[in-house]
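Student: Turn this into a model:
(chains A, B, C and D)
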Number of protein chains: 4
Amino acid sequence: QNIIISHKFCLPEPQNNFMNGKSLYLSSRTMASKTPVGFIGLGNMGSPMAKNLLKNGYPVICTDVFPESCNEMQVSGAQVVDTPADVAEKADRIITMLPSSPNVIDVYTGNNGILKKVKKGTLLIDSSTIDPYVSKEMAVTAEKMGAVFMDAPVSGGVGAASLAKLTFMVGGPEEEYTAAQELLTCMGANVVYCGLVGTGQAAKICNNMLLAIGMIGTAETMNLGIRLGLDPKLLAQVLNMSSGRCWSSDTYNPVPGVMEGVPSANNYQGGFGTTLMAKDLGFAQSTATSTRSPIPLGSMAHQIFRVMCSRGYANKDFSSIFQFLREEEGQ
Amino acid sequence: QNIIISHKFCLPEPQNNFMNGKSLYLSSRTMASKTPVGFIGLGNMGSPMAKNLLKNGYPVICTDVFPESCNEMQVSGAQVVDTPADVAEKADRIITMLPSSPNVIDVYTGNNGILKKVKKGTLLIDSSTIDPYVSKEMAVTAEKMGAVFMDAPVSGGVGAASLAKLTFMVGGPEEEYTAAQELLTCMGANVVYCGLVGTGQAAKICNNMLLAIGMIGTAETMNLGIRLGLDPKLLAQVLNMSSGRCWSSDTYNPVPGVMEGVPSANNYQGGFGTTLMAKDLGFAQSTATSTRSPIPLGSMAHQIFRVMCSRGYANKDFSSIFQFLREEEGQ
Amino acid sequence: QNIIISHKFCLPEPQNNFMNGKSLYLSSRTMASKTPVGFIGLGNMGSPMAKNLLKNGYPVICTDVFPESCNEMQVSGAQVVDTPADVAEKADRIITMLPSSPNVIDVYTGNNGILKKVKKGTLLIDSSTIDPYVSKEMAVTAEKMGAVFMDAPVSGGVGAASLAKLTFMVGGPEEEYTAAQELLTCMGANVVYCGLVGTGQAAKICNNMLLAIGMIGTAETMNLGIRLGLDPKLLAQVLNMSSGRCWSSDTYNPVPGVMEGVPSANNYQGGFGTTLMAKDLGFAQSTATSTRSPIPLGSMAHQIFRVMCSRGYANKDFSSIFQFLREEEGQ
Amino acid sequence: QNIIISHKFCLPEPQNNFMNGKSLYLSSRTMASKTPVGFIGLGNMGSPMAKNLLKNGYPVICTDVFPESCNEMQVSGAQVVDTPADVAEKADRIITMLPSSPNVIDVYTGNNGILKKVKKGTLLIDSSTIDPYVSKEMAVTAEKMGAVFMDAPVSGGVGAASLAKLTFMVGGPEEEYTAAQELLTCMGANVVYCGLVGTGQAAKICNNMLLAIGMIGTAETMNLGIRLGLDPKLLAQVLNMSSGRCWSSDTYNPVPGVMEGVPSANNYQGGFGTTLMAKDLGFAQSTATSTRSPIPLGSMAHQIFRVMCSRGYANKDFSSIFQFLREEEGQ
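Tutor: Predicted structure coming up:
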């Protein structure tokens, strides 16, 4: 198989040249040649993503159900329209970034949805994290209208979205990948082509499932080690130089005091909420069930985060599993 | 807390200087000053470890229950004696490398055990992987005889033992650590001081528990991804650049065809047997139970490897969990 | 809430009276007043169910994709037609008993489906075990055509179907329950009204999830007890007089030699296949995910039966979990 | 194997005859022939058990570390002595009822322990729930002193202890069983002979493991069903007439409002504390680990109750798992 991973080629640095006459001229010319890009879904993630398109010289035509989000984008230089259908009328490349499957279904196939007015040949890129089966359905429906649908969910949070350092996992027809890549590299540091439509979601789901398992495993291990008399920083160091090493132990350690700049250093605020992780594990669970794939630890991770949501941890970072497992003082 | 990690300072390279007159002289003088080291347990791991002590110029006095192992060491230049007690009579630094807790108890406290003839001030270093409670008991018993017991289990297999690239996790009195370190650096690339006696075992148990969780998680994730249409190599690449990354995904991938030089590329032969992993998870389970630490995924990993042992995977590498989970052809 | 549980009121015994003049006369008169019942899906379960309707004097109009099944029913006295639509044309009470959700969707909404020719006021009773969401969708679609859809999945196997001893769990409009009950009591010993449409499926899913957990728990417990030196029969007896008692320990014990007449006494042949249990647990998993209900043991039970399916236990009775967990000889 | 289950033959009713001259005479004669029984451990369970011995006419010689407990027994007619050794000096049948393994070890082998002054031929019956390995060790040590040790843990709580309705599971030499039975039937409704020493503990551990699994399973199932729209009472009724039936669903339902007279009807107060269940599951875990028996659900149940202990449920009845899993209001 042909593996295609594109590293970002339109870095933000050249923007500094805007201050410089020649570059400005060049830049303007480039901008002139850029046709508008539609953007639907201007939340915490969508907003900075759309702004990065603007920074890279793409006119942006956008909409959102929240007027404030629209106003903010207008101030940044985007054109705001009323509905997804209106976006589809004016742009032949559209990016969507929405919270869940029903929103995606509505934005694409609703009464004022994209597909009501989509032009033939339009490239539709959905960066939402949703059920891969919905992605496949959207692709089939779009194809009937002569449009191309690709799924391109992201890894990386709001910070990465602002800094254009997201990772995009892209599924869809390989011949359309170059066109998608042109836009996605303006918003992300890595763009990976994963295969047919739905495989972008599949890759994201797989990554987050292994992340969830690694995080709970790290939390259990750190808690056990501390109770056995090990210093948390030392234990993290031992794990990270050994075969226990994982992203949750070396980059996002869940034990307060071990690392700085991570949610565990800030009372588990910010980061990736337990409820969002539970949602993604729900997708892992559904796809595992429908493909009859056994996922004993993935499934258990799902249930653990579900219980945490029921017990008041819904909005804390998912690394708060350490706090959840640790014995309370005085017990 | 004072964290001490020693990187190997007596590398094998200087040995090349033996060919050179001056160095040989210097080396001889150094060797002359080295007092003998006892070594008990000359199995797959102990044998190359003892040979590395010889290579570093330490006279070695050793014993084992298997005569062939003793003969092999004699050919390599070690002095062989009959019993652990005999070793204790002739050496005041003794290393033990034994398969399980009962062997350790016997070698230390049995009728012909070390403690029958141990000299005051002797340094006893046990590199076996055993229950930390046994380590603590041995330390208390040794202390009554005026000797010092340290636990120093290793991570790394037979290959690392031969190349002196083991990692030692050391527990015991901090003031004795330098003396232990002198010997251990001849056999390993990393020596980590973990704290009081038993913490070496604790660190090893913690690492292997997280390793087990990461491996099962990786196997589940790769299997799910493949069933969702992802290419295994591509999926591994995506995980390894994202938050799903762990040692089992980037260094020891369990899916045949993804990496070379790992057991999954060789029908899961060699490596770290499922039955050994189940043994280590048994220690994790016991210590978690006695310290009342919840380990949901560690516990589940333990049970999964147990079932694998019952179903014919006992002697395959533990990464064969991928094979265990994957649907058989024709099902 | 008004709980309605109907115990079978048309028992098979009165049929003996057919031999008796008076009763025959009475019976004939009753039969004369019975309008035909449609039956779609004449498999292992559907066939004996339809025959029990015939035995109770209902003319049956039926169809199935397998001609042999149709022939067999024709011999038994039923009228066979070509398609579900044909059944709908001739009967205003229709029972369906199909293997999975896609079959149900096709039989109801396909090109030759029931709803193509359904008459206003028709009562549709689906006894298939399917996703409750599909049941709800079918109900909505049927309602648009002026028909009433109820879900009425069964518990009990082929034997119970033949003996008219099934348990029906019924969901749908309460005012239609009496009409449904009239037919269902001819095929089952217990008919339970559970609530709105979909709750029949919900009750069935819940029961089978707890059954799966109890069975695995019983198998683990029996295996552990045997290894601790307990006699299996004695252990079963102790559990059954204590708080460990459950259906799997006292009625369907998974350990060979403890009970007679159960699959464990017959090399786990017959009974309820592991693959069917895994299917039902898939429904439990999906509904738990969509309602955000944590099911740690249910989820784990699902994964365990999945692994068993991958390892060659797909067609054995689900109590073969005991065999799966037990250590093989010579390990 | 010869299975022996004794149903209580010395019921409390005959005591009424004490009011009657003849019976009193008879009773006195019987009492006169009864030699004293030692009793050590006068807690919530031990106290009513010892009183039942008194009621049955056995002189009781007892001790406990808490003076109040001793005073209470003195008032009831028992003779109080200072230490277990003193008990052993005066009685040749001794029952112990202690909270944990270390207490048992101390009471038997401590400085003032039973074995310091035990007479040859003494029958020692330990009704504590402890690690079966400790039971075996005590038996070996007792045998060296010419005494016989039997393990006889109970099932049933404080209420059953008061009403002499406990179930005893007895391990030890079969030839001593009749002697043990004579005493145990005064305190319990069922006495079961399980086999060699340690099998009493094994049976108890097995029962409680299956109980724990059944309880969590019932809680998950009831919670899922309620979220799917089922009425809790109806669901319990459906389960109890089907294959999901278990002691936790039909006798001790964890959902408030389904049953009366159980802890779930009383805010989970009273009953069997989560922390005690976690302790018993710790024994299950240890014995499973040492016998290499896979217990996936037992192990998970252990971890779940551990987490509950860490989250404030330690002293609630173990059926509070329903509350723990249920989503909090407003989440």
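Student: following the lengthiest helix in chain A, which helix or strand comes up?
Tutor: For chain A, the longest helix by residue count, based on DSSP state H, is helix A:199-227. Moving toward the C-terminus from helix A:199-227, the next helix or strand (DSSP states H and E) is helix A:232-240.
Student: Output the contacting helices and strands for that following helix.
Tutor: Under the contact criterion of 3 or more Cβ pairs under 8 Å, 6 or more residues apart in numbering or on different chains; DSSP states H and E, helix A:232-240 touches helix A:199-227, helix A:247-250, strand B:188-195, helix B:199-227. Just so you know, the C-beta spots here come from the backbone N, C-alpha and C atoms, and that holds for glycine as well.
Student: Can I get the third one in PDB, CA atoms only?
Tutor: Okay, so that is strand B:188-195. Extracted as PDB, the C-alpha positions of strand B:188-195 are listed here (Å, rounded to 0.1, in the frame of the first residue of the first chain):
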ATOM      1  CA  GLY B 188      23.800  -3.200  32.600                       C
ATOM      2  CA  ALA B 189      23.400   0.000  30.700                       C
ATOM      3  CA  ASN B 190      21.200   1.700  33.300                       C
ATOM      4  CA  VAL B 191      21.200   1.300  37.000                       C
ATOM      5  CA  VAL B 192      18.400   3.100  38.900                       C
ATOM      6  CA  TYR B 193      18.200   3.600  42.600                       C
ATOM      7  CA  CYS B 194      14.600   3.300  43.600                       C
ATOM      8  CA  GLY B 195      14.500   3.500  47.400                       C
END
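Student: what angle sits between that strand and helix A:199-227?
Tutor: Using axes from the mean of the first three to the mean of the last three Cα atoms, to 10 degrees, the direction of strand B:188-195 lies 50 degrees away from that of helix A:199-227.
Student: Strand B:188-195 and chain A, any residue contact?
Tutor: Yes - residues of strand B:188-195 contacting chain A under Cβ under 8 Å from any Cβ of the partner chain: B:190, B:192, B:194, B:195.
Student: tell me, how many neighbours does the second one end up with?
Tutor: By the measure other Cβ atoms under 10 Å in any protein chain shown, the count of residues near residue B:192 is 25.
Student: again, but for the third one
Tutor: Using other Cβ under 10 Å, the number of residues around residue B:194 comes to 32.
Student: Surely it is in contact with residue B:168?
Tutor: No - counting by Cβ atoms under 8 Å, residue B:194 stays clear of residue B:168, with 9.6 Å between them.
Student: anything in contact with each of these two?
Tutor: residue B:200 (Cβ atoms under 8 Å, 6 or more residues apart in numbering or on different chains).
Student: circling back: show me how far the longest helix of chain A is from its chain's centre.
Tutor: Remark: helix A:199-227 is offset 17 Å from the chain centroid, using Cα atoms, centre = their mean, to the nearest Å.
Student: one step back: figure out which of the helices and strands packed on helix A:232-240 is closest to residue C:96.
Tutor: Minimum separation from residue C:96 across those (Cβ to Cβ) falls at helix B:199-227, 31.0 Å.
Student: That closest one versus helix A:232-240: what angle between them?
Tutor: Using the same axes, to 10 degrees: helix B:199-227 against helix A:232-240 is 50 degrees.
Student: for the record, mean pLDDT for helix B:199-227?
Tutor: Average pLDDT, helix B:199-227: 98.
Student: Tell me if that helix is near chain A.
Tutor: Yes - using Cβ under 8 Å from any Cβ, we find that helix B:199-227 touches chain A at B:199, B:202-203, B:205-211, B:213-214, B:216-218, B:220-225, B:227.
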